[in-house]
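Engineer: With the sequence up front, the predicted model follows.
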Amino acid sequence: AQSVTQLGSHVSVSEGALVLLRCNYSSSVPPYLFWYVQYPNQGLQLLLKYTSAATLVKGINGFEAEFKKSETSFHLTKPSAHMRDAAEYFCAVSDRGSARQLTFGSGTQLTVLP
Amino acid sequence: DVKVTQSSRYLVKRTGEKVFLECVQDMDHENMFWYRQDPGLGLRLIYFSYDVKMKEKGDIPEGYSVSREKKERFSLILESASTNQTSMYLCASSFSQGNYGYTFGSGTRLTVV
């Protein structure tokens, strides 16, 4: 079964600093990978997804993620944090086969300091 | 704009009441899911459905049931609400192909008093 690990349940960065949220998956076959964002008292919103050959994926709000097969990682980055980026971020994985479910990481709460 | 709509954003119910949480999607998705979200526990899958009238238990089905009579609607039922069911409930839907991911509703914050 797939599993996904998000290192760091809480990450704090200063406004304007680099954002790096870590995600590692366990699979011998590259899966489909997703990042979701959740703002307070809202549902999850898709930020970006990796489903094909392009290993650097650009998403909404200036976020991007790079799929690295050798490291089984799909880390989320943003060059310059904004206050509005403060939210919880979830990494998720889905098998490329017939699996219909996503497996979610435990989430990372991002705090942006003024 | 595609949507998953949850009937209530905030709900307060009394212990022992029967509670219905409704979820409707307009994307013709085959799959629908109910999660609960609690601080420090992440997303926990309660029930899911891959087709009309079909349901399967997730990781924490106790105290819950579901109904899917139509493709677009997936209802979560708390047969007798208890205070430990106070939580944020999230509905999601998806196509059968795994590369699309889920679309989530806005969530229902349920408080049982």
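Structural biologist: Right, received. Where do you want to start?

Engineer: partners of the most centrally placed residue in chain B in the sheet?
Structural biologist: With distances taken as Cα atoms, centre = their mean, B:W34 lies nearest the centre of chain B, 2.9 Å away. Bridge pairing for B:W34 (DSSP bridges) gives the partners B:Y47, B:C91.

Engineer: That one and B:C23 touch, don't they?
Structural biologist: Yes: B:W34 is within contact range of B:C23, at 7.3 Å (criterion: Cβ atoms under 8 Å). For every residue, glycine as well, the C-beta is placed using N, CA and C.

Engineer: which residues do those two both contact?
Structural biologist: Taking Cβ atoms under 8 Å, 6 or more residues apart in numbering or on different chains as the contact rule, B:W34 and B:C23 both touch B:74, B:76, B:91.

Engineer: Could you dump those residues into CSV with distance to B:G98, pLDDT and neighbour count added?
Structural biologist: Converted to CSV, the shared contacts of B:W34 and B:C23 look like this (distance: Cβ to Cβ, whole Å; pLDDT from 0 to 100; neighbours: other Cβ atoms under 10 Å in any protein chain shown):
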residue, distance to B:G98, pLDDT, neighbour count
B:F74, 19, 97, 29
B:L76, 23, 98, 23
B:C91, 19, 97, 28
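
Engineer: closest to A:N41 among those?
Structural biologist: A:N41 has its nearest neighbour among the shared contacts of B:W34 and B:C23 in B:C91, at 15.1 Å by Cβ to Cβ.

Engineer: host element of the residue lying farthest from the centre of chain B?
Structural biologist: Computed with Cα atoms, centre = their mean, the residue of chain B farthest from its C-alpha average is B:N99, at 21.5 Å. Under the criterion of DSSP states H and E, B:N99 resides outside all helices and strands.

Engineer: how close does the closest residue to it other than its chain neighbours sit to A:G8?
Structural biologist: Using Cβ to Cβ, 6 or more residues apart in numbering or on different chains and skipping residues adjacent in sequence, the residue nearest B:N99 is A:T51, 4.2 Å away. Going from A:T51 to A:G8 by Cβ to Cβ, to the nearest Å gives 25 Å.

Engineer: Then B:E22?
Structural biologist: Applying Cβ to Cβ, the value for B:E22 to A:G8 is 36 Å.

Engineer: repeat for B:S7
Structural biologist: Look at B:S7 and A:G8: by Cβ to Cβ, they are 35 Å apart.

Engineer: And for B:V66?
Structural biologist: According to Cβ to Cβ, B:V66 and A:G8 sit 34 Å apart.

Engineer: Fine by me, thanks again.
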